[in-house]
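> 3D, please:
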Amino acid sequence: MKVSIVVPCYNEENRIKPFLTSLIQFSKDNLKSYEIIVVNDGSKDKTLDVLKEFSKDIKLISYEKNKGKGGAVREGVLSSIGEKVLFIDADGSIQPDEMPKMLEKLDSYDVVVGDRASKDSDVNAIALRNITGKLFNFYVNVLFGYKTWDNLCGFKGFKKEIAKDLFTDLIAYGWIFDVELFYKIHKKNYTLYKLPIKWVHKGDSKIKLLDPFKMFFQLIKLRMKL
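Numbering: from 1, shown residues only. The predicted model follows:
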């Protein structure tokens with residue numbers, strides 16, 4: 001198995017069907033060997049019912065209690081068997097046709113991350129979210145001692161052994177798990193490539209306007225644990 005694609009989802013009954021349909025078709029047409037692992041992170045709506053419609057094309061992991069995005073991605077990564085492992089958001093903000101660029105770079109790097117802050121990225125986002133995002137990333141850079149201007153992009157890929165290492169002892173199961181990943185990547189001197197991508201803001205985001213400010217306090221706790 002060459003590629004494992006992990007899709008974490010929580011209360012995505014309205015968006016997961018068109019995204020999975022696109023992801024499955026693209027993978028069939030463009031990837032020689034792959035698996036799609038969808039993790040239903042304790043959804044309270046009809047997400048699980050929708051996912052069951054795709055049972056022939058996906059590996060479904062589902063549990064009742066919500067763990068958080070980091071916990072969901074961890075479940076998918078630890079069950080993966082691909083030589084390359086990536087995760088991608090279920091909302092369709094990043095389309096499957098971005099995957100080949102990431103997979104190609106994973107031939108040369110341990111980790112490849114989508115970077116919306118790159119000057120070569122094509123990003124459609126609301127202005128206020130850009131401002132809060134910049135403040136959040138500046139705070140993370142100061143607190144954790146590394147320089148990354150897009151910590152939370154939901155599109156990251158890893159070589160198999162690197163993915164297992166980073167996620168096995170994951171501390172942060174919520175939104176800030178990406179920050180923990182970057183910290184460990186730099187600490188362990190894994191090679192990292194920041195990939196310019198096309199990204200489109202989708203309404204009904206799971207990250208609400210004030211969440212970055214709540215994360216500030218969560219980040220302090222994480223930094224102390226690390």
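
> and the strands in this structure?
3-9, 34-41, 59-63, 84-88, 111-115, 122-124, 155-159, 192-196, 198-200 (DSSP state E).

> can I get those in a markdown table with mean neighbour count and distance to residue 149?
C-beta: built from backbone N, CA, C; applies to glycine. Shown next, in a markdown table, are those (neighbours: other CB atoms under 10 Å; distance: least, CB to CB, whole Å):
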| stretch | mean neighbour count | distance to residue 149 |
| --- | --- | --- |
| strand 3-9 | 26 | 23 |
| strand 34-41 | 23 | 27 |
| strand 59-63 | 16 | 32 |
| strand 84-88 | 26 | 20 |
| strand 111-115 | 24 | 8 |
| strand 122-124 | 13 | 12 |
| strand 155-159 | 25 | 15 |
| strand 192-196 | 18 | 9 |
| strand 198-200 | 17 | 14 |
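
> reformat those strands as TSV; add mean pLDDT and distance to residue 216.
Shown next, in TSV, are the strands of the chain (pLDDT from 0 to 100; distance: least, CB to CB, whole Å):
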stretch	mean pLDDT	distance to residue 216
strand 3-9	98	23
strand 34-41	98	23
strand 59-63	98	29
strand 84-88	98	24
strand 111-115	97	22
strand 122-124	90	23
strand 155-159	98	22
strand 192-196	98	24
strand 198-200	94	24
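
> what's the closest of those to residue 137?
Among the strands of the chain, strand 111-115 comes nearest to residue 137, with 11.1 Å by CB to CB.

> which helices and strands sit right next to the closest one?
Helices and strands touching strand 111-115, by 3 or more CB pairs under 8 Å, 6 or more residues apart in numbering; DSSP states H and E, are helix 99-105, strand 155-159, strand 192-196.

> swap the cut-off to 7 Å and go again
strand 155-159, strand 192-196 (3 or more CB pairs under 7 Å, 6 or more residues apart in numbering; DSSP states H and E).

> that one pairs with which strands?
Sheet pairing for strand 111-115, assigned by DSSP bridges, gives strand 155-159 (antiparallel), strand 192-196 (parallel).

> list of residues touching that strand?
Applying CB atoms under 7 Å, 6 or more residues apart in numbering, the external contacts of strand 111-115 come out as 94, 102, 105-106, 121, 150, 153, 155-158, 162, 185, 190, 192-197.

> now with 6 Å?
Contacts to strand 111-115, defined as CB atoms under 6 Å, 6 or more residues apart in numbering, come from residues 102, 105-106, 150, 153, 155-158, 185, 190, 192-195, 197.

> list just the nearest of those residues to residue 18.
residue 155 (17.7 Å).

> residues touching the closest one, list them.
Residue 155 neighbours (CB under 6 Å, 6+ apart): 88, 94, 114.

> let's see that with 7 Å instead.
Contacts of residue 155 by CB under 7 Å, 6+ apart are 88-89, 94, 98, 114, 197.

> grab the most central residue of this protein for me.
Among the residues of the chain, residue 154 comes closest to the average C-alpha position under CA atoms, centre = their mean, at 3.3 Å.

> could you find the closest non-adjacent residue to residue 66?
residue 42 (3.5 Å; CB to CB, 6 or more residues apart in numbering).
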